[in-house]
Structure formats: structure tokens, C-alpha cells
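In: Sharing a model prediction with you, sequence too.
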Amino acid sequence: MTHQWNQGNREGRAGEVQEYINANWRSNIPIKRMAADFGMDPADMERMFRSATGSTIKHYIDRRKKEQLMRLLKEGTTLGYEIGNRLHFRNDEAFYRWVKRVFGVPFKRLRTSTQKVHPQSAPRTSSKK
């Protein structure tokens with residue numbers, strides 16, 4: 001699917017790319033294919049996007065994945081491999097490596113640090129007399 005660019009400024013074009021990414025970030029579309037879909041050179045598209053948004057396309061997509069991951073972790077019911085599947089990683093190992101790279105900690109530690117803290121029961125008093 002090729003997109004027709006409007007003849008607007010770079011920010012307008014970057015906005016079109018950003019809308020495309022927002023609609024398709026879970027699809028793991030390579031930047032080369034995105035650029036081809038927009039009739040652009042990948043390096044030119046990357047430069048234009050970064051100039052307009054302050055972020056590379058990869059970092060922008062990673063940020064979207066991080067937001068979704070944190071939302072799922074806060075719910076507390078989804079297993080790691082399920083989250084990886086929802087974020088469309090090719091396999092569990094790729095997901096766990098991504099978590100380590102992006103957050104700097106293993107998935108298990110990230111999960112533990114984001115789980116809701118439940119108040120512990122008040123200490124019981126002894127009934128001995």
C-alpha cells in the first residue's frame with residue numbers, strides 16, 4: 001500500500017508517518033517497508049521523523065510498546081509470554097531480551113517492581129492469657 005504525500009511541510013509528512021505507525025506499531029513493519037510504502041528513502045524518512053518529533057522511529061515504537069507493557073503489568077493478570085504475544089514479538093526470547101535492553105532489568109524484576117502493593121494483614125494478637 002503506497003501513501004500519497006501531501007505537499008505540506010516536513011512536520012505534516014512526519015505526522016502522516018506517525019499516524020501510520022500509531023495504527024500499525026504492533027505489526028512489526030520494517031522501516032524499509034514503511035519508507036517504501038511512503039515512497040521515501042528509509043534514511044530520509046528517519047531523518048524527517050526525528051527532526052519533527054525528536055525521536056527515531058524505533059524509539060517511538062519502543063515507547064508505544066513500553067506503555068502497553070506497563071499497562072498490562074499493572075493489571076497483574078497477564079503472563080510474560082502472553083504480553084510478548086500481544087506486543088507481536090516473534091518469540092518469548094526476543095520479548096525478554098527487549099525488556100532487558102529497554103528497561104535495564106529482567107522481566108521478572110520489572111514485573112515485581114510494578115505489581116500493586118497489597119497492604120498486609122494487621123498482626124494478630126495472641127489470645128493466650
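Out: Thanks, I have the structure now.

In: which sections of the protein are below the confidence cut-off?
Out: Within the chain, the set of residues satisfying pLDDT under 70 comprises 1-11, 116-129.

In: Using the record's assignment, carve it into domains.
Out: Following the assignment in automatic domain parsing, the chain carries domains at 10-54, 62-114.

In: Can you add mean neighbour count and give those domains back as JSON lines?
Out: Backbone N, C-alpha and C define where each C-beta goes, glycine included. Compiled in JSON lines, the domains of the chain are given as follows (neighbours: other C-beta atoms under 10 Å):
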{"stretch": "domain 10-54", "mean neighbour count": "15"}
{"stretch": "domain 62-114", "mean neighbour count": "15"}
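
In: Mind giving me the packing neighbours of the lengthiest helix in the chain?
Out: Scanning the chain for the helix with the most residues, using DSSP state H, yields helix 57-75. In this structure, helix 57-75 packs against helix 10-24, helix 31-37, helix 42-53, helix 80-86, helix 92-103, helix 107-114, with contacts taken as 3 or more C-beta pairs under 8 Å, 6 or more residues apart in numbering; DSSP states H and E.

In: which residue sits closest to Ala14 in space, ignoring its chain neighbours?
Out: Distances taken as C-beta to C-beta, 6 or more residues apart in numbering put Ala52 closest to Ala14, at 3.3 Å, once the chain neighbours are dropped.

In: Switch the helices and strands packed on helix 57-75 over to TSV; also include distance to Leu69.
Out: As requested, these are arranged in TSV below (distance: least, C-beta to C-beta, whole Å):
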stretch	distance to Leu69
helix 10-24	17
helix 31-37	21
helix 42-53	21
helix 80-86	6
helix 92-103	7
helix 107-114	8
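
In: Before I go, just wanted to say thanks for your time.
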